[in-house]
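Asker: Show me how the following folds:
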Amino acid sequence: MKKTLKVILALMLVTGITSAYGENASNPLAAVTNTDLRAQYFDLGGPDRRDYWVDGAGMLTPNLKLKYEIHYWDTDVTGSSESDWESLHLKLIYFPEKMIGKLGEWKYKVAIGGESIVDFGNEDKGIGSGSDQIGPLVGVAMVRGGTVVVPLVQHYVSYDGPDVNTTAFRLIAIQSLPNKFWGKLDAKVPVDWENDNEIPATVEMQLGKMFTPAFGAYVDGLVGIGGHKPYDWGVGVGVRFNY
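Answerer: Numbering: from 1, shown residues only. From the prediction side, this is the model:
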């Protein structure tokens, strides 16, 4: 656990080297430096799960972003209450200068990148997938006034542990609201090629407010969709620190 805490502190220090206000950190392609502390509850249709996580990002250069997450789960999916570290996510996102421009009234920037997911090996407790994964991605952020639309595609494959072969299609819409509020809709449609092309789709809704340029808070509502949904519903809260 001490090693995990050291990783969190190191990531916060490394990515806290630039200041960025204005863009909303709920957009994964925003050029921001932030640390969010989040907690989410999921009803799994009988058992439940609580996910406590650090969700942060920082600009290493004006065109290169590092995003990180570290998750701690508390769940009774095995029939008894278990809690432990679940996974560490590290994501590098690059914004090519030649792929930033304007199309009509919409400003846009293209992003390419990749993610590394390290599982902490607690699947015997019902925590995590047991797989270490990599996930190349491509997306585009489109902005018009206070509206942001972000379509993303990411493919996940495992290099250690149980096989993973999933393509995730994601659409994010963020709307700035009066008095420093914002609303977000985040639809995820993964296709699990390893398990008969199952589609464990989800939708997340978020309402937040920035109280100062450096501090904000938000609430989440989540729902699983379809016959292969990963959970029935969920709720969450988060606090945001911008640097």
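Asker: Just want the phi and psi numbers for the residue lying farthest from the centre of the chain.
Answerer: Going by CA atoms, centre = their mean, the residue of the chain most distant from its centre is Gly104, 29.4 Å out. Main-chain torsions, Gly104, degrees, to the nearest 10: phi 60, psi -130.
Asker: How much space separates it from Gly236?
Answerer: Per CB to CB, to the nearest Å, Gly104 is found 35 Å from Gly236. To be clear about C-beta, it is placed using only N, CA and C from the backbone, and glycine gets the same treatment.
Asker: Tyr72 now?
Answerer: 14 Å.
Asker: try Leu185
Answerer: As judged by CB to CB, Leu185 and Gly236 stand 15 Å apart.
Asker: Have a look at the two and say which one is more surrounded.
Answerer: Between Leu185 and Gly236, counted using other CB atoms under 10 Å, Gly236 has the larger neighbour count: 19 against 14.
Asker: For that one, which residues are in contact?
Answerer: Counting by CB atoms under 8 Å, 6 or more residues apart in numbering, Gly236 touches 38-41, 219-222.
Asker: cool, His71 as well?
Answerer: His71 touches 51-53, 85-89, counting by CB under 8 Å, 6+ apart.
Asker: Show me the beta-bridge partners of it.
Answerer: Assessed by DSSP bridges, His71 has beta-bridge partners Trp53, Ser87.
Asker: so how far is Glu23 from it?
Answerer: 24 Å.
Asker: Same question for Gly135.
Answerer: Taking CB to CB, one finds Gly135 at 23 Å from Glu23.
Asker: likewise Ala168?
Answerer: 23 Å.
Asker: cool, and Ile117?
Answerer: Distance from Ile117 to Glu23, by CB to CB: 25 Å.
Asker: neighbour count winner among the two?
Answerer: Counted by other CB under 10 Å, Ile117 and Glu23 do not tie: Ile117 has more neighbours, with 22 against 17.
Asker: Name the SS class of the nearest residue to the more buried one once chain neighbours are set aside, please.
Answerer: Excluding its sequence neighbours, the residue lying closest to Ile117 (CB to CB, 6 or more residues apart in numbering) is Gln133, at 4.3 Å. Assigned with DSSP: H, G, I helix; E, B strand; the rest coil, Gln133 falls in the strand class.
Asker: ok, now which ones touch Gln133?
Answerer: 115-117, 119, 156-159, 164 are the contacts of Gln133 under CB under 8 Å, 6+ apart.
Asker: what residues does stretch 157-172 touch?
Answerer: For stretch 157-172, the surrounding residues in contact (CB under 8 Å, 6+ apart) are 26-28, 119, 129-135, 139, 148-156, 184-194.
Asker: what mean pLDDT does the host helix or strand of Ile117 have?
Answerer: In this structure, Ile117 is located in strand 106-119 according to DSSP states H and E. Along strand 106-119, the predicted local confidence has a mean pLDDT of 98.
Asker: so where's the protein shaky on pLDDT?
Answerer: 1-22 (pLDDT under 70).
Asker: Could you pull out the buried residues of the strand or helix carrying Met142?
Answerer: Element membership for Met142 (DSSP H and E) is strand 132-144. Residues of strand 132-144 classed as buried by neighbour count (16 or more other CB atoms under 10 Å): 132-133, 135, 137, 139, 141-143.
Asker: Starting from the helix or strand following it, tell me which strands it pairs with and how they run.
Answerer: Sequence order places strand 147-160 as the next helix or strand after strand 132-144, per DSSP H and E. Paired neighbours of strand 147-160 in the sheet (DSSP bridges): strand 132-144 (antiparallel), strand 165-176 (antiparallel).
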